[in-house]
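Undergrad: Whatever this is, show me its structure:
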Amino acid sequence: MPYQIMTHNLPTATLGTSRLIKAHHFGTVGARPKVYLQAGLHADEWPGFLVLNELIKRLRKADDDGAIIGEIIIVPVANPIGLAQNFHGYIPGRFAFSDGGGNFNRNWPQIAEKVEQRIRHDIDGSPENNIKLIREVIMDEVMSLPETTELQGLRKTLMLMSMDADEVLDLHCSGEACMHAYLPQEFEDYFKPLLVHLKAKVGLSELETGAASFDETNVSVWRHLKKDFAHLIPWGCRSLTLELRGENDITKEMALEDANALFAYLIDRKVIDAPPVEPPASDLTYYPLDAMDLVKTPCAGIVCYHKNIGDPVEEGEVIGEVVDLMNDDVEQSAQLLIARTNGVLFARLQRRLVICGESIAKIAGKEHLPFREIGKLFEDK
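TA: Now for the predicted structure:
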């Protein structure tokens with residue numbers, strides 16, 4: 001199938017309005033491997049928009065050359081609902097204003113148990129047959145999801161394009177951060193080539209965050225089924241969330257570098273037939289997500305950091321301070337931010353005016369932290 005752009009209209013939310021999602025399709029429908037990429041599910045995280053724009057340019061040339069072996073779907077703008085939430089020049093695109101509110105990347109529909117009920121008596125000794133069966137049932141279950149509201153329609157549309165993919169790459173960013181990723185613990189080795197090409201130094205791996213995020217939803221059926229069927233059901237989908245540095249790390253040069261890294265990875269995975277690209281030297285380190293310290297503010301005020309992104313920190317070290325502007329004694333108005341683990345400061349809030357109790361920085365560590373609860377590793381539900 002030649003390169004196509006498919007338009008998907010979402011359910012109309014209000015009189016006289018409509019929104020759409022555009023998907024760029026490369027390769028042959030049903031060809032393997034199938035890779036799905038999207039950006040901007042959190043509609044206030046924009047580096048991925050430009051990265052996928054540059055990647056599409058490279059893929060169009062590869063398509064003209066007949067070099068695309070598998071199937072690639074790219075959704076460069078995944079959340080038109082969030083992008084429309086323009087409030088006096090600011091786009092608060094992380095949480096929905098309508099449909100009950102909530103984080104756009106949390107609490108996605110979970111269909112694993114329904115799939116298991118339908119396939120458990122048909123699993124045989126052929127992993128290939130089992131994957132084919134499970135994918136068919138997955139897509140059937142996704143087709144049956146409701147799409148009454150605009151948000152339901154958005155989720156169903158993205159799931160229909162991604163849930164039968166071999167790989168799902170969801171592009172995000174942080175406030176200020178180095179390149180990093182969140183991924184299932186089972187895929188550390190598998191996705192290492194991707195993170196090496198992207199020059200990431202930090203990978204956060206987990207077994208269960210409890211967030212039901214988009215990337216977790218794509219892999220959740222397979223993780224659920226493998227508990228009972230083990231080797232009879234190989235991983236039919238692998239997924240991760242890529243954090244493309246910080247919100248303002250948007251330049252043509254960065255976007256082209258990241259797009260080239262993604263293209264090189266697609267060559268490695270034999271989705272594209274082209275000479276392999278030599279990966280850069282890497283100092284990638286994986287850290288367990290339950291060992292990540294979320295640094296919280298002791299008071300409201302202005303935050304001043306003493307540590308920069310990528311700096312190593314030690315437990316008990318001061319990484320910054322919050323100046324309480326309402327304190328009568330200006331000599332005592334600064335309250336310290338103390339690291340609770342040894343590790344690396346890899347992300348922090350871009351905004352400097354903070355509220356009391358807010359999580360404003362992340363430190364990747366190696367040792368489990370007792371206040372980090374498995375299954376509740378993301379706080380912004």
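
Undergrad: ok, for residue 235, nearest residue in space, not its chain neighbours?
TA: Spatial nearest neighbour of residue 235, chain neighbours left out: residue 222 (5.4 Å); criterion: Cβ to Cβ, 6 or more residues apart in numbering. For glycine as for every other residue, the C-beta is placed from the backbone atoms N, C-alpha and C.

Undergrad: Residue 350 now?
TA: residue 175 (3.6 Å).

Undergrad: residue contacts, that neighbour?
TA: 246-247, 347-351 (Cβ atoms under 8 Å, 6 or more residues apart in numbering).

Undergrad: now those in a markdown table, with distance to residue 199, neighbour count and pLDDT?
TA: Shown next, in a markdown table, are the contacts of residue 175 (distance: Cβ to Cβ, whole Å; neighbours: other Cβ atoms under 10 Å; pLDDT from 0 to 100):
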| residue | distance to residue 199 | neighbour count | pLDDT |
| --- | --- | --- | --- |
| 246 | 15 | 20 | 98 |
| 247 | 19 | 17 | 97 |
| 347 | 16 | 25 | 98 |
| 348 | 20 | 24 | 97 |
| 349 | 23 | 19 | 96 |
| 350 | 21 | 13 | 95 |
| 351 | 27 | 13 | 96 |
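
Undergrad: From the structure, what's the count of residues near residue 101?
TA: 9 (other Cβ atoms under 10 Å).

Undergrad: what's the distance between it and residue 131?
TA: Per Cβ to Cβ, to the nearest Å, residue 101 is found 37 Å from residue 131.

Undergrad: Next: residue 219.
TA: With Cβ to Cβ as the criterion, residue 219 and residue 131 are 14 Å apart.

Undergrad: sec struct for the most centrally placed residue in the chain, please.
TA: What sits nearest the mean C-alpha location of the chain, by Cα atoms, centre = their mean, is residue 241, with 2.5 Å. Of the three states, residue 241 takes strand according to DSSP: H, G, I helix; E, B strand; the rest coil.

Undergrad: Just grab the bridge partners of the residue lying closest to it once chain neighbours are set aside for me.
TA: If the residues on either side of it in the chain are set aside, residue 241 comes closest to residue 182, at 4.4 Å by Cβ to Cβ, 6+ apart. Residue 182 has these beta-bridge partners by DSSP bridges: residue 204, residue 241.

Undergrad: Surely residue 182 and residue 289 touch.
TA: Yes. Residue 182 is within contact range of residue 289, at 7.0 Å (criterion: Cβ atoms under 8 Å).

Undergrad: joint contacts of the two?
TA: Both residue 182 and residue 289 are contacted by 204-206, 209, under the criterion Cβ under 8 Å, 6+ apart.

Undergrad: Which one (most neighbours) among those?
TA: Tallying neighbours with other Cβ under 10 Å puts residue 204 at the head of the shared contacts of residue 182 and residue 289, with 25 neighbours.

Undergrad: Which two of the shared contacts of residue 182 and residue 289 have the greatest separation?
TA: Of all pairs drawn from the shared contacts of residue 182 and residue 289, the widest gap by Cβ to Cβ lies between 205 and 209 and measures 10.6 Å.

Undergrad: Residue 219 and residue 131: which is more packed in?
TA: residue 219 (23 against 20).

Undergrad: Leaving out chain neighbours, which residue sits closest to that one?
TA: Per Cβ to Cβ, 6+ apart, closest to residue 219 is residue 239, 4.7 Å.

Undergrad: show me what contacts that neighbour?
TA: Residue 239 touches 167-170, 183-184, 215-216, 218-219, counting by Cβ under 8 Å, 6+ apart.

Undergrad: Much appreciated, bye for now.
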